[in-house]
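**Q** okay, predicted coordinates and the sequence, questions at the end:
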Amino acid sequence: MKTGAGSTSLPPVYLVDASIYIFRAWFSMPGEFVNNRGEPTNAVYGFIGVLCSLLEQTSASHVAVAFDESLTTNYRNEIYPLYKANRDPAPEDLKRQFSWARDAAEAMGLQCFADSRYEADDVIGTLAEYWRSRGHPICVVTADKDLAQLIGENDHWWDFSRNLKLNAKQLTEKFGVLPEQMADYLALTGDAVDNIPGIPGVGPKAASALLGHFSDLDEIYQRLEEVQHMGIRGAKSLQQKLADNRDTAELARRLTVIETAVESTLLSPELGRTEVDADRLNQLFDDLAFGGMLRQRCLRA
């Protein structure tokens, strides 16, 4: 994965993980946000507020908002049918709000992307690779640690709602591994959020120690005999766990690696903001029964 080098004067490209902030608003915003038909609107209201704040704080010229077109299936389910099977299906009241959220973002002049087979993470990964190769720093707006693997030298991972903006060095300090090792880290530990199996008995400390000694999962297995001599507790048994569960680890890494070359007619590289479509925005906000304050923020953002 390309990480870039040196400084750059080109504007940053902001890649927004829409699902994180829609789900977060769904669970945190008051339930009394409803339209005139009694349909909940809290998730879209909270998400639009995040977009407004992002634009107000950054004056960003290059923004992409990535959505999950399917909330239930993607190519990872072809590899491992139990991927994300631990999650309850999204209720219809929430699915409806995903559509409104995209309509609102587009009306605000932001470029929106989704793919029927790939997840929003993969869309973001593809756009990050494209724009970094052209010299732009990348800022991934998310709370998902999986996306840390996309962060290079000049980039940032930004949990916007918590005001936590980290560069590659700071991500390493936070998670204990280099950003480019995150997929291998999750392959070792597993990821309960996505129902991805890891190696039994390998937790964050052991995974960090392994990836501090070896560069990635492939090197761990190429030099497996060295593990028993590492100065960590239970090194000998750790080597056996790795040996016994190699297939599990390699399967998990196929699931945790973010695709950076999604081929889709839906992935135009154009990210420049366009003029706000005031008519479309006003019509949508009338339908959602949103008040004037958020409406005015969107119109001038």
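**A** Thanks, I have it.

**Q** only C-alpha atoms for contact and neighbour calcs from this point on.
**A** Fine.

**Q** and the lowest-mean-pLDDT helix or strand in the chain, which residues are buried?
**A** Using mean pLDDT, DSSP states H and E, helix 292-300 stands out as the lowest-scoring helix or strand of the chain, at a mean of 92. Within helix 292-300, the residues that count as buried by 16 or more other CA atoms under 10 Å are Arg295, Arg297, Cys298, Leu299.

**Q** would you mind measuring from the third one to Ala252?
**A** So that's Cys298. As defined by CA to CA, to the nearest Å, Cys298 lies at a distance of 41 Å from Ala252.

**Q** low-confidence ranges in this protein?
**A** 1-8, 71, 265 (pLDDT under 70).

**Q** who's in contact with Arg24?
**A** Contacts for Arg24 were tallied using CA atoms under 8 Å, 6 or more residues apart in numbering; they are Ala43.

**Q** isn't there a helix covering it?
**A** Yes - per DSSP: H, G, I helix; E, B strand; the rest coil, Arg24 lies within a helix segment.

**Q** I figured Tyr14 hits Ile138, correct?
**A** Yes - between Tyr14 and Ile138 there is a contact under CA atoms under 8 Å: 6.2 Å.

**Q** ok, Pro269 touching Leu127?
**A** Yes - using CA under 8 Å as the test, Pro269 is close enough to Leu127 to be in contact (7.0 Å).

**Q** looking at those two, which has the bigger crowd around it?
**A** Using other CA atoms under 10 Å as the criterion, Pro269 and Leu127 rank with Leu127 on top: 27 against 13.

**Q** could you list the residues in contact with the host helix or strand of Ser99?
**A** Element membership of Ser99 [criterion: DSSP states H and E] is helix 92-107. By CA under 8 Å, 6+ apart, the list of residues contacting helix 92-107 from outside reads 22, 26, 39-41, 43-44, 47-48, 51, 65, 67, 111-112, 276-278, 280-281, 284.

**Q** so which helix or strand takes in the closest residue in space to Asn195 that isn't next to it in sequence?
**A** Distances taken as CA to CA, 6 or more residues apart in numbering place Lys84 nearest to Asn195, at 5.1 Å, with adjacent residues excluded. Applying DSSP H and E as the criterion places Lys84 outside every helix and strand.
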